[in-house]
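Chemist: let me see the structure of the following:
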Amino acid sequence: QLQASGGGLVQAGGSLRLSCAASGLSLDDYAIGWFRQAPGKDREGLSCISNSYGNIYYTDSRKGRFTISSDSAKNTVYLQMDSLKPEDTALYYCAAGTRDCIDYDYWGQGTLVTVSS
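Modeler: Numbering: from 1, shown residues only. The predicted structure follows:
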């Protein structure tokens, strides 16, 4: 089970840190990815962290503004989002999948991020 949290309302230029708490699965066995879906748009991948492979991936446009990290002791993955823009407004999801960050088997519920201009 994956529990995403940390969303909310923030002004443009602000920051938020999203959390994805995993239960029943280990970050040593699964990669965790962050995704988002804005109204009327397709879901897009943002970033993925694979502790077992020691790899971190970002969608190119997210580099520099979004930072993914993990805390194995808490079995939690974070997404730090800085310099937020109104176009970042979306429902953000985390998912657990294969260690190469390609396929995802388990999805959490989303947490809503709203960026006001």
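Chemist: roughly how far apart are the nearest residue to Gly24 once chain neighbours are set aside and Trp107?
Modeler: Spatial nearest neighbour of Gly24, chain neighbours left out: Gln1 (5.5 Å); criterion: C-beta to C-beta, 6 or more residues apart in numbering. Bear in mind the C-beta positions are built from the backbone N, C-alpha and C, glycine included. Remark: distance between Gln1 and Trp107 (C-beta to C-beta, to the nearest Å) = 10 Å.
Chemist: which of those two has more neighbours?
Modeler: Ranked by neighbour count (other C-beta atoms under 10 Å), Gln1 and Trp107 place Trp107 first, with 15 against 11.
Chemist: that one against Ala95, yeah?
Modeler: Yes: applying C-beta atoms under 8 Å, one finds Trp107 in contact with Ala95, separated by 4.7 Å.
Chemist: common neighbours of the two, please.
Modeler: Leu2 (C-beta atoms under 8 Å, 6 or more residues apart in numbering).
Chemist: mind listing what's buried in stretch 32-46?
Modeler: Across stretch 32-46, burial judged by 16 or more other C-beta atoms under 10 Å covers Ile32, Gly33, Trp34, Phe35, Arg36, Gly45, Leu46.
Chemist: show me which of the residues you listed is closest to Leu18.
Modeler: The shortest approach to Leu18 among those belongs to Trp34, at 7.1 Å (C-beta to C-beta).
Chemist: contacting residues for that closest one?
Modeler: 18, 20, 45-48, 66, 68, 77, 79, 92-94.
Chemist: I'd like those written out as JSON lines, with distance to Asp60 added.
Modeler: Below are those laid out as JSON lines (distance: C-beta to C-beta, whole Å):
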{"residue": "Leu18", "distance to Asp60": "20"}
{"residue": "Cys20", "distance to Asp60": "22"}
{"residue": "Gly45", "distance to Asp60": "11"}
{"residue": "Leu46", "distance to Asp60": "11"}
{"residue": "Ser47", "distance to Asp60": "11"}
{"residue": "Cys48", "distance to Asp60": "13"}
{"residue": "Phe66", "distance to Asp60": "11"}
{"residue": "Ile68", "distance to Asp60": "14"}
{"residue": "Val77", "distance to Asp60": "20"}
{"residue": "Leu79", "distance to Asp60": "16"}
{"residue": "Tyr92", "distance to Asp60": "18"}
{"residue": "Tyr93", "distance to Asp60": "20"}
{"residue": "Cys94", "distance to Asp60": "20"}
